[in-house]
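> Whatever this is, show me its structure:
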Amino acid sequence: MTLSKLCPVCEMLVSDNAFSIKFRGLDLWFCSQQCLDRFNQRPSLYIGDPKHGKAAKQHGTKVQKHRRIRLELPDNDEFKTKLLEGLNSLMGITQTRINQNVLEIEYDLVQVSLEDVEQFILASGVNIEQSWLDKVHDALVHFSEEGQLDNLGHPYKDNGCH
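Numbers count the residues shown, from 1 in each chain. Below you'll find the predicted structure:
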């Protein structure tokens, strides 16, 4: 009998053991380094425990976000296409679009955060255009998302009570 291995973060079928860990006596498999890193940040967001019940992810919780990020992009459609393809390869990204150097992105916070998205953009060599007000706004968004994830990371009884 073959056990089906599902990534606890994105629920994709996992074909090999490249990204696997043992956690609280459970063997867990992940589809990518991104999902493994995400799990390691907040394991209680993805797996519950007998005392507290199911985790938010096990309840099917999704937290859809829509953000706009002003980018300093070269005037090169091929580069923009590759950037969008790269962003769409991240788990949790549901939609991307660039309109006049403004990236509009929708994502599931349970799988990816704005900070993850920004790190990917910067790693691709693109600068994010930000005034001091934009930086303050982004810091507040990051803080808000971290708080939401911390709240979701507390497993709760299946009747909805902590």
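
> Dead centre of the chain: give me the residue that sits there.
Note on the chain: the residue nearest the mean C-alpha position is V112, at 1.1 Å, using CA atoms, centre = their mean.

> Now do the SS call for it.
Of the three states, V112 takes coil under DSSP: H, G, I helix; E, B strand; the rest coil.

> I'd like the distance between the closest residue to it other than its chain neighbours and C31.
Nearest in space to V112, with sequence neighbours left out and distances taken as CB to CB, 6 or more residues apart in numbering, is G92 at 3.5 Å. Placement of C-beta: from N, CA and C, glycine included. Applying CB to CB, to the nearest Å, the value for G92 to C31 is 12 Å.

> Kindly point out which residues are neighbours of both of the two.
Residues touching both G92 and C31 by CB atoms under 8 Å, 6 or more residues apart in numbering: C10.

> Would you mark the buried spots in stretch 48-61?
48, 53-57 (16 or more other CB atoms under 10 Å).

> Would you reformat these as CSV and include pLDDT and secondary structure?
CSV is the format used below for the buried residues of stretch 48-61 (pLDDT from 0 to 100; DSSP: H, G, I helix; E, B strand; the rest coil):
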residue, pLDDT, secondary structure
G48, 77, coil
G53, 75, strand
K54, 79, coil
A55, 81, coil
A56, 79, coil
K57, 79, helix
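
> Of all pairs in those residues, which one is the farthest apart?
G53 and K57 (12.5 Å; CB to CB).

> Could I get the contacting residues of the nearest residue to S15 once chain neighbours are set aside?
Nearest non-adjacent residue to S15, counting by CB to CB, 6+ apart: K5, 7.9 Å away. By CB under 8 Å, 6+ apart, K5 lies in contact with 13-15, 29.
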